[in-house]
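Chemist: Here is my input; please provide its structure:
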Amino acid sequence: MKNPIILFLAMFVLTTCSLAAFGQTATSVSHNVAVPGEKDISMLRMDLRSEKKKIIALNVPFTDVEATKFWPVYDQYVGEMTKNHDAFYALIRQYAENQLTMTDAQAVTLLDQWSKLQVEDAKTRQKYIPLVEKVISPRKAAIFFQVDRRLYLLMDLQVTANLPLITQ
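Modeler: Predicted coordinates:
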């Protein structure tokens with residue numbers, strides 16, 4: 001029963017995202033490409049964020065005592081991850097504003113910032129693994145981090161799937 005929830009969520013996200021971005025070439029990019037605006041990004045993020053706790057609770061078999069201890073740690077974790085992802089979505093906005101006229105220098109800067117944000121996400125997860133394991137079993141912690149990672153990937157996919165490739 002648990003895996004169908006993740007599968008359903010993944011199918012929902014994938015069907016709402018355009019697959020055109022995967023087969024895109026420089027010649028197929030229109031100069032009037034619609035990229036997600038700040039309001040769109042915020043709405044997409046809020047939709048999944050509002051469901052994250054429910055999905056985690058459905059997939060991680062918490063006892064009442066574990067849940068009482070886990071959710072405050074989770075809220076701290078989400079606060080830190082949100083800061084990282086706010087920076088990521090700011091980078092997406094910057095890319096969207098410049099993708100038609102991207103210079104080599106801008107591309108290098110964006111790639112550098114993106115890779116640093118990926119490292120920060122990993123560091124945040126590393127920081128929270130022992131904190132989560134203090135309040136729930138290592139097995140349940142592993143389940144939590146599996147589900148959590150999938151949800152973050154889905155949020156990223158939902159926001160980035162329609163971004164066009166840099167024009168040449």
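Chemist: check contacts around residue 56.
Modeler: Residues near residue 56 by C-beta atoms under 8 Å, 6 or more residues apart in numbering: 74, 144, 147-148, 151. C-beta coordinates here come from the backbone N, C-alpha and C atoms, glycine included.
Chemist: After the helix or strand that contains it, which helix or strand is next?
Modeler: Residue 56 is part of helix 38-59, with elements assigned from DSSP states H and E. Once the chain leaves helix 38-59, the next helix or strand it forms, by DSSP H and E, is helix 64-98.
Chemist: Flag the shaky bits of the protein, pLDDT-wise.
Modeler: Within the chain, the segments meeting pLDDT under 70 span 1-49, 168.
Chemist: which ones are touching the residue most central in space within the chain?
Modeler: Ranked by distance to the mean C-alpha position of the chain (C-alpha atoms, centre = their mean), the top residue is residue 152 at 3.2 Å. If you count contacts by C-beta under 8 Å, 6+ apart, residue 152 has them with 81, 85, 121.
Chemist: on that earlier part again, between the contacts of residue 56, which is nearest residue 92?
Modeler: Closest approach between those and residue 92, by C-beta to C-beta: residue 151, at 17.7 Å.
Chemist: Which of the helices or strands spans that closest one?
Modeler: Using DSSP H and E, residue 151 sits in helix 138-160.
Chemist: Quick one: work out the angle between that helix and helix 64-98.
Modeler: Using axes from the mean of the first three to the mean of the last three C-alpha atoms, to 10 degrees, the inter-axis angle of helix 138-160 relative to helix 64-98 is 20 degrees.
Chemist: buried residues in helix 138-160?
Modeler: Buried residues in helix 138-160, defined by neighbour count with 16 or more other C-beta atoms under 10 Å: 140-141, 143-145, 147-148, 151-152, 154-155, 158-160.
Chemist: who touches residue 129 in this structure?
Modeler: 141, 145.
Chemist: In which helix or strand does it reside?
Modeler: Assigned by DSSP H and E, residue 129 belongs to helix 104-135.
Chemist: okay, the angle between that helix and helix 138-160?
Modeler: Angle of helix 104-135 versus helix 138-160, following the same axes, to 10 degrees, is 150 degrees.
Chemist: Pull out the buried residues from helix 104-135.
Modeler: 110, 117, 120-121, 125, 128, 132-133, 135.
Chemist: Stretch 57-71 now?
Modeler: For stretch 57-71, the neighbour count (16+ other C-beta under 10 Å) marks 59-60, 62, 69-70 as buried.
Chemist: what kind of secondary structure is residue 166 in?
Modeler: Assigned by DSSP: H, G, I helix; E, B strand; the rest coil, the conformation of residue 166 is coil.
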